[in-house]
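A.B. asks: I need the structure of the sequence given here:
(chains A, B, C and D)
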There are 2 protein chains.
Amino acid sequence: MAVTLADVAARAGVSSATVSRVLNGNYPVAGSTRERVQRAVAELDYVVNGQARALAAATSDLVGVLVNDVADPFFGLIASALQAEVGVGAAEPGGKLTVVCNTGGSPEAELTYLTLLERQRAAGVVLTGGAVDSPAHSEAVTARLARLAASGTRIVLCGRPPLTLPGDSGPLTTLAFDNHGGARRLTEHLLSLGHRRIGYVTGPAERSTTGHRLAGHRAALEGHGMGPGTEAGADADQLIVHGGYDRDAGFDATLELLRRDLGVTAIVAANDTVALGVCAALRDRGLSIPGDVSVAGFDDLPFSADASPALTTVRIPLQEAGARAGRLVMGRITPPPGGVATITTELMVRGSTAPPATGRS
Amino acid sequence: MAVTLADVAARAGVSSATVSRVLNGNYPVAGSTRERVQRAVAELDYVVNGQARALAAATSDLVGVLVNDVADPFFGLIASALQAEVGVGAAEPGGKLTVVCNTGGSPEAELTYLTLLERQRAAGVVLTGGAVDSPAHSEAVTARLARLAASGTRIVLCGRPPLTLPGDSGPLTTLAFDNHGGARRLTEHLLSLGHRRIGYVTGPAERSTTGHRLAGHRAALEGHGMGPGTEAGADADQLIVHGGYDRDAGFDATLELLRRDLGVTAIVAANDTVALGVCAALRDRGLSIPGDVSVAGFDDLPFSADASPALTTVRIPLQEAGARAGRLVMGRITPPPGGVATITTELMVRGSTAPPATGRS
DNA sequence: AGGCGTACAGCAAGCGCTTTCTTTCTGCTT
DNA sequence: AAGCAGAAAGAAAGCGCTTGCTGTACGCCT
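C.D. replies: Residues are numbered from 1 along each chain as shown, chains lettered A, B, ... in the order given. A predicted model of the protein is given here:
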């Protein structure tokens, strides 16, 4: 049915081995022969069978990238930049297809996709987004990754905590986001504006990023003598509401926070999407931003700068990270010393944060 | 290196044919044998080699989806819903991997990816987003699709104009978005509010959706006696600024529109992302929304409802469309009669549109 | 002029699986 | 008791490609 190498060979009057060599260009072929073969290829519209090639050459044209949610620009930005690197001139030798695997944050889906990618003998796998903080799951993932790595699949963690494979030398190649530092600077910014009652809406409890950002927030508070042990931090836990990484979680959590009536003058959201929900809830309750309550997010997604008011947030250079992950997984650049590189974050102060109306300092 | 069928067979004391049959479950195997094989599979952590299987069985575990920009939630939503269908219990037989191909709107990239997918003998291909309106490109795409279709690849167009393959029976399976009707109703809404000077920021000139939406807009104007031939529509073309599908295009186009000083009381944006830029530009010039100028978008992306003011827009049920495209490409549902189904759009009136301050009616 | 290195091109052996065809056995029928 | 259907398992032929090895010319050396 489809045109095969043999068809091309017959047409060009050579053996299929020669055609293969012309196509792959890694073996001397006489100019005239090469030309004849190329003409035959063009005339027959020959397209190589990727699976047969992969089987014979023990290679793969697939790179997998695991994301929690493709519809979320956070992952979209990473994936898009990554693909631009991985698929560079995808027609050229070396250009790979990107398999985007939407785990929906589910550990089972994550494992399933890793198996599927192993089945396809993927050339590389990039894991993005915070890991699920569960020893059992972490162990299962590690086991899968170890097998993948053993079979030559390149593995890159992007925005995940470093991971060390058993019996391996050093941790996996990792691009770690500085969630802790970013969150700390963000809360310090609010403190320096004069806020003392700062609400915090967390991400999903089980994700590692949630913990890291919250820890940064707490570190800032402690730096100002507002740690859990102090008088000022007596009801610190009350100021924290657990949520998730979507807009509705932010909305609900904010209503809950307001219900607690703690006199918050600022709310830090786990990320920009959550901040969207926080703002919606505040407006729903007739509160102005930043007049009544300041709001801050995390990630600096594209829509955040254009929000009204523009959202104060912490910028993660997602596109750079994605591009770098792409280059790493393709082996085009060497991993950072020690395997782990930290992607720095930057505080973006915008209109959604201002000094509190009534200085409680 | 990797565990093969033969290894499993040896361990279970059967032939590799039997192991294959146990794995695929499409042939009678005695219970005891089956059990023995399954134990061997588990003990050896056997994972089938997808390429070998694909080669032998002439099948594929890949479904490609072409998008203009993964980072754009418009495509993200489609892709995510699609993948949920396609990969259902991806471990189960029939579950496919989704290859997301980011064309960046480039016709060349589109063709390249189609070739790559053909090379991988993809089981299905979904093309999303407006097509590039160019006879040459359209012809090239059609040729590629014809070959894919001939080799058994299922093809689905989602949000693209229908396409008929040469010498084929009827058009390709298509989910067409009602861009025209949506745009018409949107502009009618503005007209009914009393707006008469309505600016329009288009999408990229070469995309089919751009034309369809603009045509809907014009149809509404004509319905109100404001067609290009009429007095009221004398400078209709001046009110239209050509842009693109990103935020910056909306920003720049709006500045251009304001520079023309046509007294616009409302601006329709090609989509919600563009509307973001439109709003930013208006604010930049000290204009309030909707006090000074009403703004409307298209698509109803998640952030639009939470914008301030909430954006009036036209909702496209992207997730439904994506899910349906997924089911179609998997052959789980039968194509609509005639091959083409229209996805209806819905006007979402929100806070960003209001009657003009000074009725010019 | 004989021999040898070199540059091409072909042969053929797989890569790891699926699947057709065949064989082997068991259990029935007549 | 002979024969046969049917179930279960094996043998082996590919799927379309890559690649190590083996030819076969040619041009060059001494």
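A.B. asks: Low-confidence ranges, the stretch 151-300 of chain A, go.
C.D. replies: Within the stretch 151-300 of chain A, the stretches with pLDDT under 70 are A:168-169.
A.B. asks: give me the residue from it nearest DNA strand C.
C.D. replies: Closest to DNA strand C within the stretch 151-300 of chain A is residue A:151: 10.1 Å, counting by CB to the nearest atom of the strand. To be clear about C-beta, it is placed using only N, CA and C from the backbone, and glycine gets the same treatment.
A.B. asks: is it true that that residue touches residue B:45?
C.D. replies: No. Residue A:151 lies out of contact with residue B:45 (CB atoms under 8 Å); the separation is 11.5 Å.
A.B. asks: So the two - more neighbours on which side?
C.D. replies: In this view residue A:151 and residue B:45 are compared by other CB atoms under 10 Å in any protein chain shown, and residue A:151 has more residues nearby, 15 against 12.
A.B. asks: hang on, the earlier thing: model confidence for the nearest residue to the residue of the stretch 151-300 of chain A closest to DNA strand C once chain neighbours are set aside, exactly?
C.D. replies: In this structure, residue A:151 finds its nearest non-sequential neighbour in residue B:2, 5.5 Å apart by CB to CB, 6 or more residues apart in numbering or on different chains. Looking at residue B:2, its pLDDT is 87.
A.B. asks: Kindly report the same for the one 10 residues further on.
C.D. replies: pLDDT recorded at residue B:12 is 94.
A.B. asks: Quick check, it in contact with residue B:19.
C.D. replies: Yes. Counting by CB under 8 Å, residue B:19 is a contact partner of residue B:12 at 6.7 Å.
A.B. asks: Report how many residues lie close to whichever residue of the stretch 251-361 of chain A sits closest to DNA strand C.
C.D. replies: Proximity of the stretch 251-361 of chain A to DNA strand C (CB to the nearest atom of the strand) peaks at residue A:331, 21.8 Å away. Using other CB under 10 Å, the number of residues around residue A:331 comes to 12.
A.B. asks: do residue A:1 as well
C.D. replies: Neighbours of residue A:1 (other CB under 10 Å): 7.
A.B. asks: Wait, it touches residue B:151, no?
C.D. replies: Yes. Here residue A:1 lies in contact with residue B:151, judged by CB under 8 Å, at a distance of 6.6 Å.
A.B. asks: Are we agreed that residue A:139 is in a strand?
C.D. replies: No. The assignment for residue A:139 (DSSP: H, G, I helix; E, B strand; the rest coil) gives helix, which keeps it out of a strand.
A.B. asks: Pull the contacting residues for it.
C.D. replies: If you count contacts by CB atoms under 8 Å, 6 or more residues apart in numbering or on different chains, residue A:139 has none.
A.B. asks: and it, how far is that from chain B?
C.D. replies: 15 Å (CB to the nearest CB, to the nearest Å).
A.B. asks: for residue A:83, same thing?
C.D. replies: In terms of CB to the nearest CB, residue A:83 sits 5 Å off from chain B.
A.B. asks: That residue: which element?
C.D. replies: helix A:73-86 (DSSP states H and E).
A.B. asks: Those residues of chain A touching DNA strand D, which are they?
C.D. replies: Residues of chain A lying close to DNA strand D (CB under 7 Å from any atom of the strand) are A:1-2, A:4-6, A:16-17, A:20-21, A:23-24, A:26-27, A:46, A:48-49, A:52-53, A:55-57.
A.B. asks: Quick one: buried ones out of those?
C.D. replies: A:4, A:5, A:20, A:21, A:23, A:46, A:48, A:49, A:52, A:53, A:55 (16 or more other CB atoms under 10 Å in any protein chain shown).
A.B. asks: how near is the last one to DNA strand C?
C.D. replies: Yep, that's residue A:55 we're talking about. 4 Å (CB to the nearest atom of the strand, to the nearest Å).
A.B. asks: thinking again about what came up before, overlap in contacts, residue B:12 and residue B:19.
C.D. replies: Common neighbours of residue B:12 and residue B:19 (CB under 8 Å, 6+ apart) are B:37, B:40.
A.B. asks: neighbour count winner among those two?
C.D. replies: Regarding residue B:12 and residue B:19, a neighbour count based on other CB under 10 Å identifies residue B:19 as having more, with 28 against 23.
A.B. asks: at contact distance from chain A, anything in the strand or helix carrying the more buried one?
C.D. replies: Per DSSP H and E, residue B:19 falls inside helix B:16-24. No. Using CB under 8 Å from any CB of the partner chain, helix B:16-24 stays clear of chain A, coming no nearer than 11.6 Å.
A.B. asks: could you say what helices and strands that helix packs with?
C.D. replies: Applying 3 or more CB pairs under 8 Å, 6 or more residues apart in numbering or on different chains; DSSP states H and E, we find helix B:16-24 packed against helix B:5-12, helix B:31-44.
A.B. asks: Quick check: the residue nearest to residue A:151 is in a strand.
C.D. replies: No. Counting by three-state DSSP, residue B:2 is not found in a strand; it is coil.
A.B. asks: Would you quantify the distance from it to residue A:72?
C.D. replies: As judged by CB to CB, to the nearest Å, residue B:2 and residue A:72 stand 34 Å apart.
A.B. asks: gap between residue A:28 and DNA strand C?
C.D. replies: 3 Å.
A.B. asks: Tell me the spacing between that residue and residue A:13.
C.D. replies: Taking CB to CB, one finds residue A:28 at 19 Å from residue A:13.
A.B. asks: swap in residue A:256?
C.D. replies: Applying CB to CB to residue A:256 and residue A:13 gives a distance of 77 Å.
A.B. asks: hang on, the earlier thing: send me the helix holding residue B:19 as PDB with only the CA atoms.
C.D. replies: Extracted C-alpha coordinates of helix B:16-24, given in PDB (Å, rounded to 0.1, in the frame of the first residue of the first chain):
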ATOM      1  CA  SER B  16       6.700 -16.000  22.100                       C
ATOM      2  CA  ALA B  17       3.600 -16.400  20.000                       C
ATOM      3  CA  THR B  18       1.700 -17.500  23.100                       C
ATOM      4  CA  VAL B  19       3.000 -14.600  25.100                       C
ATOM      5  CA  SER B  20       1.900 -12.200  22.400                       C
ATOM      6  CA  ARG B  21      -1.600 -13.800  22.400                       C
ATOM      7  CA  VAL B  22      -1.900 -13.500  26.100                       C
ATOM      8  CA  LEU B  23      -0.900  -9.900  25.900                       C
ATOM      9  CA  ASN B  24      -3.300  -9.000  23.200                       C
END
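A.B. asks: just how off-centre is that helix within its chain?
C.D. replies: Distance, stretch centre to chain centre, for helix B:16-24: 40 Å (CA atoms, centre = their mean, to the nearest Å).
A.B. asks: Then stretch A:213-224?
C.D. replies: On CA atoms, centre = their mean, the centre of stretch A:213-224 falls 24 Å from that of its chain.
A.B. asks: Next, the buried residues of that stretch.
C.D. replies: For stretch A:213-224, by 16+ other CB under 10 Å, it's A:213, A:214, A:216, A:217, A:218, A:219, A:220, A:221, A:222.
A.B. asks: repeat for stretch A:291-308
C.D. replies: Buried residues in stretch A:291-308, counted by 16+ other CB under 10 Å: A:293-308.
A.B. asks: Then stretch A:338-346?
C.D. replies: A:339, A:340, A:341, A:343, A:345.
A.B. asks: And for stretch A:166-179?
C.D. replies: Buried residues in stretch A:166-179, defined by neighbour count with 16+ other CB under 10 Å: A:171, A:172, A:173, A:174, A:175, A:176, A:177, A:178, A:179.
A.B. asks: So residue A:147 is in contact with residue A:118, correct?
C.D. replies: Yes. Under the criterion of CB under 8 Å, residue A:147 makes contact with residue A:118 at 6.6 Å.
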